[in-house]
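**Student:** sequence and predicted structure are below.
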There are 2 protein chains.
Amino acid sequence: MTQPTAAMLVIGDEILSGRTRDSNMYHLAGQLAERGIDLREVRVVSDDAEAITQAVKALSEAYGHVFTSGGIGPTHDDITADCIAAAFNVHIDVRDDARALLQAHYDRQGSEFNDARKRMARIPDGATLIENPVSVAPGFTMENVHVMAGVPAVFQAMVASVLPTLTGGAPLISRTQRIDRGEGDIAGPLSDLARAYPALSIGSYPFQKDGRYGANIVLRGTDAALLDEALAKLEAAFPA
Amino acid sequence: MTQPTAAMLVIGDEILSGRTRDSNMYHLAGQLAERGIDLREVRVVSDDAEAITQAVKALSEAYGHVFTSGGIGPTHDDITADCIAAAFNVHIDVRDDARALLQAHYDRQGSEFNDARKRMARIPDGATLIENPVSVAPGFTMENVHVMAGVPAVFQAMVASVLPTLTGGAPLISRTQRIDRGEGDIAGPLSDLARAYPALSIGSYPFQKDGRYGANIVLRGTDAALLDEALAKLEAAFPA
């Protein structure tokens, strides 16, 4: 595959404690597949400076892009920006352009632009801002790390701001075939198919419904003609 | 905190490709919180032997328990058991007790116990089996790694088999207070509260609804009296 690679880092006590079911990972995974960027790994860590900093370093070195969600608000548990600065060993402080955006926003709202809110203008040296059309406080890109908010509506808006700026690959296409037989009966021919088409990723996702076994076979790749050829062989091996 | 620590490893091309929204992580996180086991990290990796093996090693060394989901079925993309054996540098082969369970199941069903199905009886040396009341093919525990299926109904049944065998800590309790003010107004007093109660984890989860800002403040800890005391101070700081 010649697709750029990516990882995601979810900063989220609320996911790890079982309070919230993830939605940002699901959203980003779908967007990256469309854009032809190969999401290889996701990590979820807690609001812990050491854990965040180490994960940013590891993922930033291993993958072409890293997308983070969470921890960039005004409260004491919002420590992501400082961790990014630490991971890249750069200075961080309130930056004029980010402060100006927020000042104008709170002036319009008639709210006080207090110290807590000024925390949201802390941007590591060398980063570029990511627009936030929902609630103004910006995200930022530091080298290959795109730092975004955890609130799903804001996260999605920031993803929409960032993705068009990245060079994608051929979009990942998939074909799905449901086969109403046990995986154990499908496995042999499926393995032959996987060997015959090394350029495709072929996955089997079993289910059990009303006491009957079946599996959804998903073929993924970037070449539509090749996918259709492999799908035809799969259908021939397991006539409905 | 004196709670045992844990991590989860999701082996899942279907999550990374955006096809499926996670449910196993959400389920396990809730179960571990109730059981008093502190879930510190989750990783999602693809069906890639090197990625799985390295993640198992790293998480197994860093945390008290590791729970994996996915990749233990009969098809070519089911490589988790072999990766676990590689991570612990032990031999793996079809094991008599696992084979007997499966043989009896397929005899009852009248299905052939073919080579693909025999793959599900491959168990690393030294592992103990995890019961699967849903579809028989067992999971296993290898040292501190609990290897379970990815199909949600089977995953949940295996979690129910494993958790009673583990020593838990005091269950994690939480109190949530919704405050209908912007996070920037809440942040100062909340930071004071977090400093006054270092034994509690205090998180702020902002929302925006119908153009109004608010946040759910979540206090977590193992001491109910301490939680109630901190909650009373929070309520006093922000009267409804």
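**Tutor:** Looks like it arrived, so ask away. Numbering: from 1, shown residues only, chains lettered A, B, ... in the order given.

**Student:** now the residue nearest to the spatial centre of chain A, what's its secondary structure?
**Tutor:** Using C-alpha atoms, centre = their mean, the residue of chain A that lies closest to the mean C-alpha position is residue A:28, 3.9 Å off. With DSSP: H, G, I helix; E, B strand; the rest coil as the basis, residue A:28 sits in helix.

**Student:** and if you look at residue A:227?
**Tutor:** Per three-state DSSP, residue A:227 ends up helix.

**Student:** next: residue A:147.
**Tutor:** strand.

**Student:** residue A:10 is in contact with the residue nearest to the centre of chain A, correct?
**Tutor:** No - using C-beta atoms under 8 Å, residue A:28 is not in contact with residue A:10, being 9.4 Å away. Backbone N, C-alpha and C define where each C-beta goes, glycine included.

**Student:** hmm, back to that, residues touching the residue nearest to the centre of chain A, list them.
**Tutor:** A:8, A:39, A:67, A:69, A:155, A:159 (C-beta atoms under 8 Å, 6 or more residues apart in numbering or on different chains).

**Student:** out of those, who's near chain B?
**Tutor:** Filtering these for proximity to chain B (criterion: C-beta under 8 Å from any C-beta of the partner chain) leaves residue A:39.

**Student:** make CSV from the contacts of residue A:28 and add neighbour count and pLDDT to it.
**Tutor:** Below are the contacts of residue A:28 laid out as CSV (neighbours: other C-beta atoms under 10 Å in any protein chain shown; pLDDT from 0 to 100):
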residue, neighbour count, pLDDT
A:8, 26, 98
A:39, 28, 96
A:67, 31, 98
A:69, 31, 97
A:155, 24, 97
A:159, 21, 97
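
**Student:** give the buried residues for the lowest-mean-pLDDT helix or strand in chain A.
**Tutor:** Here the helix or strand of chain A ranked lowest by mean pLDDT, DSSP states H and E is strand A:201-209, holding a mean of 87. Under the neighbour-count criterion of 16 or more other C-beta atoms under 10 Å in any protein chain shown, strand A:201-209 has A:201-206 buried.

**Student:** so which of these are also by chain B?
**Tutor:** Contacts with chain B are made by A:201-206 out of the buried residues of strand A:201-209, judged by C-beta under 8 Å from any C-beta.

**Student:** in CSV, list those along with distance to residue B:140.
**Tutor:** As requested, those are exported to CSV (distance: C-beta to C-beta, whole Å):
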residue, distance to residue B:140
A:201, 26
A:202, 26
A:203, 22
A:204, 21
A:205, 21
A:206, 19
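
**Student:** show me the helices in chain A, by range?
**Tutor:** A:13-16, A:24-35, A:49-62, A:80-88, A:96-109, A:115-118, A:152-162, A:183-196, A:224-237 (DSSP state H).

**Student:** figure out which of these is closest to residue B:46.
**Tutor:** Nearest to residue B:46 among these is helix A:24-35; the distance by C-beta to C-beta comes to 11.4 Å.

**Student:** tilt between the closest one and helix B:24-35?
**Tutor:** 170 degrees (axes from the mean of the first three to the mean of the last three C-alpha atoms, to 10 degrees).

**Student:** can you give the domain ranges for chain A?
**Tutor:** Per automatic domain parsing, the structural domains of chain A span A:5-165, A:173-237.

**Student:** go through the ones you listed and pick out the most buried.
**Tutor:** domain A:5-165 (a mean of 20; mean count of other C-beta atoms under 10 Å in any protein chain shown).

**Student:** these two touch, right, residue A:55 and residue A:9?
**Tutor:** Yes - between residue A:55 and residue A:9 there is a contact under C-beta under 8 Å: 5.3 Å.

**Student:** flag the shaky bits of chain A, pLDDT-wise.
**Tutor:** Regions of chain A meeting the criterion pLDDT under 70 cover residues A:1.

**Student:** can stretch A:232-240 be said to contact chain B?
**Tutor:** No - counting by C-beta under 8 Å from any C-beta, chain B has no neighbours in stretch A:232-240; the shortest distance is 12.7 Å.

**Student:** what are the contacting residues of that stretch?
**Tutor:** The contact list for stretch A:232-240 (C-beta under 8 Å, 6+ apart) reads A:177, A:179, A:181, A:186, A:189-190, A:193, A:196, A:217, A:219.

**Student:** filter the residues you listed by proximity to chain B?
**Tutor:** A:186, A:190.

**Student:** which one among the contacts of stretch A:232-240 gets closest to chain B?
**Tutor:** For these, the closest approach to chain B (C-beta to the nearest C-beta) belongs to residue A:190, at 5.6 Å.

**Student:** surely the closest one and residue B:75 touch.
**Tutor:** Yes - here residue A:190 lies in contact with residue B:75, judged by C-beta under 8 Å, at a distance of 5.6 Å.

**Student:** list residues touching both of those two?
**Tutor:** What both residue A:190 and residue B:75 touch, as defined by C-beta under 8 Å, 6+ apart, is the set residue A:204.

**Student:** for residue A:56, see how far away residue A:68 is.
**Tutor:** Distance from residue A:68 to residue A:56, counting by C-beta to C-beta, to the nearest Å: 7 Å.

**Student:** ok, now residue A:120?
**Tutor:** Distance from residue A:120 to residue A:56, by C-beta to C-beta: 19 Å.

**Student:** same question, residue A:202
**Tutor:** 33 Å.

**Student:** OK, contacts around residue A:39?
**Tutor:** Residue A:39 makes contact with A:6-8, A:28-29, A:32-33, B:16-18, according to C-beta under 8 Å, 6+ apart.

**Student:** identify the bridge partners of it.
**Tutor:** Beta-bridge partners for residue A:39, by DSSP bridges, are residue A:6.

**Student:** so how far is residue A:98 from the residue lying closest to residue A:102 once chain neighbours are set aside?
**Tutor:** Closest residue to residue A:102 apart from its sequence neighbours, by C-beta to C-beta, 6 or more residues apart in numbering or on different chains: residue A:121 at 5.5 Å. For residue A:121, the distance to residue A:98 equals 4 Å [C-beta to C-beta].

**Student:** over to residue A:211?
**Tutor:** 58 Å.

**Student:** residue A:240 too?
**Tutor:** 58 Å.

**Student:** and if you look at residue A:205?
**Tutor:** The spacing between residue A:205 and residue A:98, counted by C-beta to C-beta, is 44 Å.

**Student:** quick one on the thing from earlier: now for residue A:28 and residue A:10: what residues contact both?
**Tutor:** Common contacts of residue A:28 and residue A:10 (C-beta under 8 Å, 6+ apart): residue A:69.
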